[in-house]
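Student: for reference, the sequence and a predicted model appear below.
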Amino acid sequence: MAALQPSVGAVIDDAQLQQLLSRVALHDRAALRSLYDATAGRLLAIVQRMLDDRAAAEDVIQDTFITVWSRAAQFPQLRTSPLAWLTTIARHRAIDLMRRRRPETSLTWHDADGHEHQHDIVDEAATPLDQLQRRQVDGQLSLCVGQLDDAPRQALLLAYYEGLTHEQLAARLKRPLGTVKTWVRRSLQQLKACLEDV
């Protein structure tokens, strides 16, 4: 991956992304390139909204795919979609960069509708125990998300990772607005109940 120029290629489904990740786990460079071509544009848009800096966002995406190269074998153990996994890695890398640049970086970002959000940044002085607990919660969250039905899970992940409004979700998923609102609300309730059982 010399220069970062994500293509706007065809959208591929989760099954194809999972197949590419399986090949990346075997260190198949062509599969990494295909995965990159299929997802880097979307990931770059998300990270660029967070950082408001194209060059920094490109660096984050580069780091993201280096991580994917080294951790692709771990993906099958997670019960989440490939795009959600990739987005999580990219968001964490962006937040890490924001921490390192803290004096010069605002910890707020704007979604597609212009709404301002605060990033939930972990204290740099977090103890190893704190970090372990956070990883355990992240793992449990992935398991809980994996228990959601497919359509509601997709709606929730699109809302979270792409910042889509209910109206945008309804248009993207070609479902009535009320259905999408119900999916998101019930999914959040199910996640809350699942995480409370931990």
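Tutor: Noted; the coordinates are in hand. In this text, all values refer to a predicted model and were calculated from it rather than measured experimentally.
Student: contacting residues for Gly152?
Tutor: Let me fix one detail, which is that residue 152 is Pro and not Gly. By Cβ atoms under 8 Å, 6 or more residues apart in numbering, Pro152 lies in contact with Trp183, Val184, Arg186, Ser187. Where C-beta positions appear, they are placed from N, C-alpha and C, glycine not excepted.
Student: how close does it sit to Leu188?
Tutor: When distance is defined by Cβ to Cβ, to the nearest Å, Pro152 is 10 Å away from Leu188.
Student: give me the helices and strands touching the lengthiest helix in the chain, please.
Tutor: The residue-count maximum for a helix in the chain (DSSP state H) belongs to helix 29-51. If contacts are counted by 3 or more Cβ pairs under 8 Å, 6 or more residues apart in numbering; DSSP states H and E, helix 29-51 sits against helix 14-25, helix 54-71, helix 82-100, strand 108-110, helix 150-162.
Student: now do the buried residues in that helix.
Tutor: Within helix 29-51, the residues that qualify as buried are 31-32, 34-40, 42-44, 46-51, counting by 16 or more other Cβ atoms under 10 Å.
Student: may I have that helix exported as CSV, CA atoms only?
Tutor: The C-alpha atoms that make up helix 29-51 are tabulated as CSV, following Å, rounded to 0.1, in the frame of the first residue of the first chain:
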residue,chain,number,x,y,z
ARG,A,29,-1.4,-9.5,-0.2
ALA,A,30,-3.9,-9.5,-3.1
ALA,A,31,-6.7,-10.1,-0.6
LEU,A,32,-5.4,-7.2,1.6
ARG,A,33,-5.4,-5.0,-1.5
SER,A,34,-9.0,-6.0,-2.4
LEU,A,35,-10.1,-5.5,1.2
TYR,A,36,-8.5,-2.1,1.1
ASP,A,37,-10.1,-1.1,-2.2
ALA,A,38,-13.5,-2.2,-0.9
THR,A,39,-13.4,-0.4,2.5
ALA,A,40,-10.7,2.3,2.7
GLY,A,41,-12.9,5.0,1.2
ARG,A,42,-15.7,4.5,3.8
LEU,A,43,-13.2,4.2,6.6
LEU,A,44,-11.3,7.3,5.5
ALA,A,45,-14.6,9.3,5.5
ILE,A,46,-15.3,8.3,9.1
VAL,A,47,-11.8,9.0,10.3
GLN,A,48,-11.6,12.3,8.4
ARG,A,49,-14.8,13.5,10.1
MET,A,50,-13.2,12.6,13.5
LEU,A,51,-9.9,14.3,12.9
